[in-house]
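*Asks:* Turn this into a model:
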Amino acid sequence: MIPGARRRAEADPGQRGLPESDTAWWRGLPDAERAALFAQFASATSVERIGSADDAARAIVSLIDDDFITGTIVTVDGGAHARRRRLNEA
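*Replies:* Down below sits the predicted model:
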């Protein structure tokens, strides 16, 4: 890399974020409602599961480790964004 050059890359957890059941954000929902919502989120992804903080962390570590990745935003949403786009184009 050129001395003094800056890299910029970002990890975006997607439109719905990373809904983990153990966070305060989701604790206000009754268990059955939260489970139904997470199932709906999972069905909207290509990998058929909700994301976790570990998923986002692995993406961030990849961006840090690979100095050739720059000038991009990596969406970490299990393919939900791409799946929505395909459905909208159909």
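
*Asks:* Just give me the neighbour total for residue 85.
*Replies:* Neighbours of residue 85 under the rule other CB atoms under 10 Å: 10. C-beta here means a position set from N, CA and C on the backbone, and glycine is covered the same way.

*Asks:* all numbers from here: first residue = 58
*Replies:* From this message on, residue numbering opens at 58, which makes the last subject residue 142.

*Asks:* Checking it next. Helix, strand or coil?
*Replies:* helix (DSSP: H, G, I helix; E, B strand; the rest coil).

*Asks:* and it, what is it in contact with?
*Replies:* Counting by CB atoms under 8 Å, 6 or more residues apart in numbering, residue 142 touches no other residue.

*Asks:* gap between it and residue 134?
*Replies:* Residue 142 sits 12 Å away from residue 134, going by CB to CB, to the nearest Å.

*Asks:* for residue 109, same thing?
*Replies:* The gap separating residue 109 from residue 134 is 12 Å, by CB to CB.

*Asks:* Tell me which of these two has more neighbours.
*Replies:* Per other CB under 10 Å, whichever of residue 109 and residue 134 has more neighbours is residue 134, with 26 against 15.

*Asks:* Read off the pLDDT value for that one.
*Replies:* Per-residue pLDDT puts residue 134 at 88.

*Asks:* do the same with residue 114
*Replies:* Residue 114 carries a pLDDT score of 90 in this model.

*Asks:* helices or strands up against the strand or helix carrying it?
*Replies:* Residue 114 belongs to helix 110-122 when elements are defined using DSSP states H and E. Under the contact criterion of 3 or more CB pairs under 8 Å, 6 or more residues apart in numbering; DSSP states H and E, helix 110-122 touches strand 66-69, strand 129-132.
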